[in-house]
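Participant: Take this sequence and fold it.
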Amino acid sequence: MLREIRGSDDFLWLTSHNFRKTTATALDDAGVSTQLIADHLGHSRVSMTQDTYLGRRTVDPITAQALEDLLD
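Facilitator: Numbering: from 1, shown residues only. Modelled structure (predicted):
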């Protein structure tokens, strides 16, 4: 099914990794522990899940303002 969808030029960016990241993010947002998310994704190391699939939730105010300024 993924191959059929990707047949269109509009979806060449779509990979199975996108679904794995979306799943990890949804589970993280739902409050599931990182250990359980790692287990679900089949990772033997929680650090792999954290580094690759879960975003950092820290936003530096100076960096955020600099990006806002660039967009104005």
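
Participant: Just the endpoints, please. Distance across stretch 50-68?
Facilitator: End-to-end distance for stretch 50-68, by C-alpha to C-alpha, to the nearest Å: 27 Å.

Participant: Pull the residues that contact it.
Facilitator: With contact meaning C-beta atoms under 8 Å, 6 or more residues apart in numbering, stretch 50-68 is reached by R20, K21, A24, T25, D28, T34, I37, L41. The C-beta positions use only the backbone N, C-alpha and C, and glycine is treated the same way.

Participant: And the pLDDT at H17?
Facilitator: In this model, H17 is scored at 83, pLDDT.

Participant: That one is in what secondary structure piece?
Facilitator: In the assignment (DSSP states H and E), H17 maps to helix 16-29.

Participant: For D60, see how far away the residue nearest the centre of the chain is.
Facilitator: Most central in the chain under C-alpha atoms, centre = their mean is K21, positioned 3.8 Å from the mean C-alpha point. Noted for K21: a distance of 23 Å to D60, by C-beta to C-beta, to the nearest Å.
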